[in-house]
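Chemist: No sequence on hand, only this structure:
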């Protein structure tokens, strides 16, 4: 299997059409959607559309969210990666690189999200030459905030979007 990035336990690869059932399971899990309002999908066709959107980002921007695969057994854990956000405004901003991740609940609290996100941040700075990365975390999502802060990201502001309170984080490349 060809991975864009590998860690000790994980391989990160492009999402493909074979991942539709995994994306459907991920984006219909109530625990996953708790801090992702408006994300739910209802069919394999909608999951395929999500994958097509991400694949379009690979083509247009050279980067996007990648499938997170446990190397030991090939299990699909979720996704992680850097997204060039230029198709919407968040916190009054557009045109920025965002680090994000989403895991199936069975794989929570095992260090996978941090491991993948750290590898993606390192890739963003070392390989892509980025000067900074951003992340948003919904207020109350303590686990995700802990991961983002462990990456060294700094809380820059709080904002409201669609009736929800969010945190905006930034990580600057200290080598630039």
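Modeler: Thanks, I have it. Keep in mind the model is a prediction, meaning the values are calculated, not measured.

Chemist: I'd assumed residue 121 was in a helix, is it?
Modeler: Yes - assignment of residue 121 by DSSP: H, G, I helix; E, B strand; the rest coil places it within a helix.

Chemist: which residues are contacting stretch 117-137?
Modeler: Contact with stretch 117-137 is made by 4-7, 10, 12, 35, 63, 66, 80-82, 90-91, 93, 96-101, 144-145, 147-148, 151, 153, 166-173, 175-176, as judged by Cβ atoms under 8 Å, 6 or more residues apart in numbering. Where you see a C-beta, it was placed from the backbone N, CA and C, and this is true even at glycine.

Chemist: Can you list the buried residues in it?
Modeler: 117-121, 123-125, 130, 133-137 (16 or more other Cβ atoms under 10 Å).

Chemist: Separate out the buried members of the contacts of stretch 117-137.
Modeler: Neighbour counting over the contacts of stretch 117-137 (16+ other Cβ under 10 Å) leaves 4-5, 7, 10, 12, 35, 63, 66, 80-82, 91, 96-101, 144-145, 147-148, 151, 153, 166-169, 171 as the buried ones.

Chemist: Next, count neighbours for residue 46.
Modeler: 16 (other Cβ atoms under 10 Å).

Chemist: now the one 10 residues further on
Modeler: Burial of residue 56, expressed as a neighbour count using other Cβ under 10 Å, amounts to 12.

Chemist: which element is it on?
Modeler: Using DSSP states H and E, the element containing residue 56 is helix 44-61.

Chemist: worst-scoring helix or strand of the protein, pLDDT-wise?
Modeler: Here the helix or strand of the chain ranked lowest by mean pLDDT, DSSP states H and E is helix 30-33, holding a mean of 93.

Chemist: what packs against that one?
Modeler: Contacts of helix 30-33 with other secondary structure elements, assessed using 3 or more Cβ pairs under 8 Å, 6 or more residues apart in numbering; DSSP states H and E, are absent: no helix or strand is involved.

Chemist: Give the buried residues for that helix.
Modeler: Result for helix 30-33 [16+ other Cβ under 10 Å]: buried residues 32-33.
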